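1. Here is my input, please return the structure:
(2 chains)
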Protein chains: 2
Amino acid sequence: MAQEQITRRLARYVLESRFEDIPENVRHEAKRSLVNFLGVTIGGAHHEAVEIALAALDEFSGPRTATLLGRAEKMDILHASLVNGIASTVLDFDATQYKLTNIHPSGLVLPAFLALAERTPISGAELMHTFLLGVEVECRLANVIFGKNNPGWHVSGAVGGIGAAAGAGRMLGLDEDHLTRAFGIAATQPGGIREMYGTMCKSFTPGRACQNGLASALLAGKGFGSSEAAIEAPMGFAKVLMNVTELDGLTENLGTEFEIMFNMYKPFACAIVLHPIIDGCIQLRNEHDLEADQIKSVALRVNPNVVKLAGRENPDKGLLAKFSFSHATALALVHGAAGEPQFTDALANDPVLGKLRQRVTATVEDDIVKDSCHIKITLTNGTVLDRHIPHAIGSLENPMSDQDLEDKFLSLVEPALGVDAAKRLVGLCWEADTLDDAADIARATVKN
Amino acid sequence: MAQEQITRRLARYVLESRFEDIPENVRHEAKRSLVNFLGVTIGGAHHEAVEIALAALDEFSGPRTATLLGRAEKMDILHASLVNGIASTVLDFDATQYKLTNIHPSGLVLPAFLALAERTPISGAELMHTFLLGVEVECRLANVIFGKNNPGWHVSGAVGGIGAAAGAGRMLGLDEDHLTRAFGIAATQPGGIREMYGTMCKSFTPGRACQNGLASALLAGKGFGSSEAAIEAPMGFAKVLMNVTELDGLTENLGTEFEIMFNMYKPFACAIVLHPIIDGCIQLRNEHDLEADQIKSVALRVNPNVVKLAGRENPDKGLLAKFSFSHATALALVHGAAGEPQFTDALANDPVLGKLRQRVTATVEDDIVKDSCHIKITLTNGTVLDRHIPHAIGSLENPMSDQDLEDKFLSLVEPALGVDAAKRLVGLCWEADTLDDAADIARATVKN
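-> Residues are numbered from 1 along each chain as shown, chains lettered A, B, ... in the order given. Sure thing, here's the model as predicted:
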């Protein structure tokens, strides 16, 4: 059976891949992802969810060798992977793959790789290469296994540990047998259910996946035993979680097609399914100088995922509001913006937005693609405004430029580090693959 | 909907339960479980899987306040929960609930509770009560959610974190809201796929569940947010993992029926589904002085789970041999025993056993109950020996006595601690609910 060796073949690819064989545009996309990751992680580094995680777990840290990105403290490499993973996704502003399913690839793997880089020096090129490989593994798992009929897995959490184990195992020098078993140890720790969206557990799950993946590589490296067919076996990962047996896509075109090329970067700090709506509503607001009390109703026609993943009604927290199409619509129309400063508890409870939310309806249509939507606003004076967004800003067809990404980064990082340090850090990212010591990156995230 | 509040109702029960309301026979069963747990955990404390886990993770330990049971070292409470959880199940000799599904309740929760007891003193009664409550929660989840159509979840790993979170949260003084969220944080970390059976990950999974549950309670205690309907929500634990929506059994007869009464204790150090076969084969061997080369064939008629869960062919490791009906049959017929000393790599590769294994066949029949089997041995001289085991030794209908349990305990613990210390420890267990300081138990597992 062709599937017999899938876990092993993925592990072998991770070990045999050479950075010099990876095309320049792919390497550049990894840098764009690094810029975005560090921006959102430093921006989220002092979020309440991070503070609480530290209040609960800091006392249990082992040797403090790994930087908490954007903070003064260090923790052991396992806890740092968890905490930096939480920070990376707590703003819901991180890079997103949104092909067959939804996954936020960077924060699932980079915290572990950065923590290891502070422990045993490696070059920037090796870090960036490892980053690409971790993303490759986890995104293939996400799309091939969770691409259809997902009953409610938080896909990032389910696959992230395997991606982190893949890269961490390579960094730790595991051979093929040991790395195959590292995949197995990670595969038996799948995390995340979608009920947690809108709660702090939404960001806990990716952090935990990253931590679990690192632990899996450490265990496998010392000889901990596991299945060597964890992904494809009859009671393995793909079958147990998703009843999926068709797994050829996991290994097709390895080394010639690269998952990171499907990373999208969010201009808005909320669920990606809401981006076309926000894009269109901001356009209409600005073109027509709309005010909340002029708006009689908003009728959206959207991809089914909008209602499935972001159907929260009457959110009363900023985190929940990131998963509410009615709130996003109201926010865009009233405030003309949907950045991190807009997704607050205060605005979630704002009466003007609350009233406008009640006038928003959504109809789902299977043939509306994910980065698209139709907006129809009826004003109290009877005027009807229409807008079709074929591809939202930030989508693959309408991507953020390098400069857009740098501006987003600076807007998130300058408040934390100041202008000079923020600019220095983004400069390090753009030249990451030439650094002698990859740990310079983590160190540069801390205010002097 | 009646299910609306299930997670909350379970949390409330955990907080409102009073030890004095729990019947004496139930409290006694908790002591029997404690005896068995400590025996198998100390017996497994120096297993290769434990040693490797320590080699990989020990350097990352935080403050070393928690005893590694049966060992000289201490680790932080989270790592100790993992490592003691691994040790508790690595011999596959721990207590088993085998009602609608298979779960090993004790090792999923006790490591966390014992670690907390060493950190903040509590009475033995409170420890035993917490133990009962953790078992109650996790076993109800196992039976109600995973009782039918399990595609391959390692059920202990899937539910154990919630049981550990329940008891740890109570010990940490969480109120109902916080404990409900602790359930949620644990519910989004379900672990374990059955492909791992026969590998070290089989014991890693329960240990990790215990560690995750403790972390969930610590996080919730500091205010980490989560869903308050994690078990019953449309994209919650029951639905995502098992597509189960009928959850009334989770809260029926809480406080009047007790799951621990279904704990069984293994006389044999392998998968419980193999026990009727081993029981019968040892009987026939002893009655007829059988030798391997007299046996032409062995035809088993068994419950379907035997082949599903323990169908390993030609195991080449002791751990794999614990999940092989053909190996168990050969072992019982040739050696007349199936304790921990028999499940070695050497005997897994023994040519006499290997040849005999080839002559064993199993036919599954749905109406053969789980603790039963039919054995038909055909000898080379044409003689046919039949044995029907209606209820294997160790089953609920044919249980091990307190003395049997103590003998099993001593056989596992005396080699590690010596006779006097072993007897002192088992004495502490039998009077556990009268101890002033529950931490005496963990301390007494270490050789002076």
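2. So what touches stretch A:426-435?
-> With contacts defined as Cβ atoms under 8 Å, 6 or more residues apart in numbering or on different chains, stretch A:426-435 is touched by A:19, A:27, A:30-31, A:34-35, A:38, A:123-125, A:127-128, A:406, A:409-410, A:413, A:438, A:440-441, A:444. (Each C-beta comes from the backbone N, C-alpha and C, glycine too.)
3. Which positions within it qualify as buried?
-> Neighbour counts over stretch A:426-435 (16 or more other Cβ atoms under 10 Å in any protein chain shown) mark A:Val426, A:Leu428, A:Cys429, A:Ala432, A:Asp433, A:Leu435 as buried.
4. what's the answer for stretch A:105-119, then?
-> Those would be A:105-118, for stretch A:105-119 by 16+ other Cβ under 10 Å.
5. With chain B in mind, check whether it reaches it.
-> No. With Cβ under 8 Å from any Cβ of the partner chain as the criterion, chain B is not reached by stretch A:105-119; the gap is at least 10.4 Å.
6. How about the residue of the stretch 201-350 of chain A found nearest chain B: what's its closest non-neighbour residue?
-> Nearest residue of the stretch 201-350 of chain A to chain B (Cβ to the nearest Cβ) works out as A:Met235 at 3.2 Å. In space, and not counting its chain neighbours, A:Met235 is closest to B:Gly152: 3.2 Å by Cβ to Cβ, 6 or more residues apart in numbering or on different chains.
7. What about the contacts of stretch A:426-435, which are in helices?
-> Of the positions in the contacts of stretch A:426-435, A:27, A:30-31, A:34-35, A:38, A:124-125, A:127-128, A:406, A:409-410, A:413, A:440-441 sit in helices, assigned by DSSP state H.
8. Checking the residue lying farthest from the centre of chain A next. Helix, strand or coil?
-> Distance from the centre of chain A peaks at A:Asn381, with 42.1 Å (Cα atoms, centre = their mean). Secondary structure assignment for A:Asn381 (DSSP: H, G, I helix; E, B strand; the rest coil): coil.
9. Show the model's pLDDT score for the closest residue to it other than its chain neighbours.
-> Nearest in space to A:Asn381, with sequence neighbours left out and distances taken as Cβ to Cβ, 6+ apart, is A:Gln294 at 7.4 Å. pLDDT recorded at A:Gln294 is 96.
10. what sits against A:Gln294?
-> A:Leu379, A:Thr380, A:Asn381.
11. out of the ones in helices among the contacts of stretch A:426-435, which are buried?
-> Buried among these by 16+ other Cβ under 10 Å: A:27, A:30-31, A:34-35, A:38, A:124-125, A:127-128, A:406, A:409-410, A:413, A:441.
12. farthest pair in the residues you listed?
-> Using Cβ to Cβ, the two most remote members of those are A:Ala125 and A:Leu410, lying 25.3 Å apart.
13. Do a quick rundown of the strands in the stretch 301-448 of chain A.
-> Along the stretch 301-448 of chain A, counting by DSSP state E, counting those that start in this stretch, strands occupy A:360-364, A:373-379, A:384-389.
14. Adding mean neighbour count, mean pLDDT and distance to A:Asp289, write those out as JSON lines.
-> Output for the strands of the stretch 301-448 of chain A, formatted as JSON lines (neighbours: other Cβ atoms under 10 Å in any protein chain shown; pLDDT from 0 to 100; distance: least, Cβ to Cβ, whole Å):
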{"stretch": "strand A:360-364", "mean neighbour count": "17", "mean pLDDT": "97", "distance to A:Asp289": "20"}
{"stretch": "strand A:373-379", "mean neighbour count": "20", "mean pLDDT": "98", "distance to A:Asp289": "12"}
{"stretch": "strand A:384-389", "mean neighbour count": "15", "mean pLDDT": "97", "distance to A:Asp289": "12"}
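15. Turn those strands into a markdown table, columns for distance to chain B.
-> Converted to a markdown table, the strands of the stretch 301-448 of chain A look like this (distance: least, Cβ to the nearest Cβ, whole Å):
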| stretch | distance to chain B |
| --- | --- |
| strand A:360-364 | 16 |
| strand A:373-379 | 23 |
| strand A:384-389 | 27 |
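16. so can I have TSV of those showing distance to B:Leu219?
-> Formatted as TSV, the strands of the stretch 301-448 of chain A follow (distance: least, Cβ to Cβ, whole Å):
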stretch	distance to B:Leu219
strand A:360-364	34
strand A:373-379	37
strand A:384-389	39
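17. which residues touch the helix or strand of chain A with the lowest mean pLDDT?
-> Lowest by mean pLDDT, DSSP states H and E among the helices and strands of chain A is strand A:96-98, with a mean of 86. Here strand A:96-98 makes contact (Cβ under 8 Å, 6+ apart) with A:102-105, A:139, A:142-143, A:259, A:262-266, A:272-273, A:370-371.
18. Direction included, what does it pair against?
-> Next to strand A:96-98 in the sheet, as set by DSSP bridges, lie strand A:102-103 (antiparallel), strand A:263-264 (antiparallel).
19. sorry, back to before: for the buried residues of stretch A:105-119, which one is nearest chain B?
-> Nearest member of the buried residues of stretch A:105-119 to chain B, counting by Cβ to the nearest Cβ, is A:Ala115, at 10.8 Å.
20. Could you export stretch A:380-391 as CSV, CA atoms only?
-> Taking C-alpha atoms only, stretch A:380-391 is exported to CSV below (Å, rounded to 0.1, in the frame of the first residue of the first chain):
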residue,chain,number,x,y,z
THR,A,380,-33.1,54.6,6.2
ASN,A,381,-33.7,57.0,3.2
GLY,A,382,-34.2,54.0,1.0
THR,A,383,-30.9,54.1,-0.8
VAL,A,384,-29.3,50.8,-1.4
LEU,A,385,-25.5,50.4,-1.6
ASP,A,386,-24.0,47.3,-3.1
ARG,A,387,-20.5,46.0,-3.0
HIS,A,388,-18.9,42.8,-4.3
ILE,A,389,-15.5,42.0,-2.9
PRO,A,390,-13.9,39.4,-5.2
HIS,A,391,-10.8,39.0,-3.1
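21. which outside residues touch that stretch?
-> Outside stretch A:380-391, the residues that touch it by Cβ under 8 Å, 6+ apart are A:276-277, A:279-280, A:283-284, A:288, A:293-296, A:371-379, A:397-398.
22. now swap in stretch A:130-137 and tell me
-> Taking contacts as Cβ under 8 Å, 6+ apart, the residues outside stretch A:130-137 that touch it are A:10, A:13-14, A:17, A:22, A:26-27, A:30, A:33-34, A:105-106, A:108-110, A:113, A:162-164, A:166-167, A:170-171, A:254, A:258-260, A:263.
23. Just the residues you listed: which are in helices?
-> Short answer: the contacts of stretch A:130-137 in helices (DSSP H) are A:10, A:13-14, A:26-27, A:30, A:33-34, A:106, A:108-110, A:113, A:162-164, A:166-167, A:170-171.
24. can you tell me the helix or strand for A:Ser203?
-> helix A:201-221 (DSSP states H and E).
25. Please name every helix or strand in contact with the following helix or strand past that helix.
-> Downstream of helix A:201-221, the first helix or strand assigned by DSSP H and E is helix A:237-242. In terms of contacts (3 or more Cβ pairs under 8 Å, 6 or more residues apart in numbering or on different chains; DSSP states H and E), helix A:237-242 is packed against helix A:124-146.
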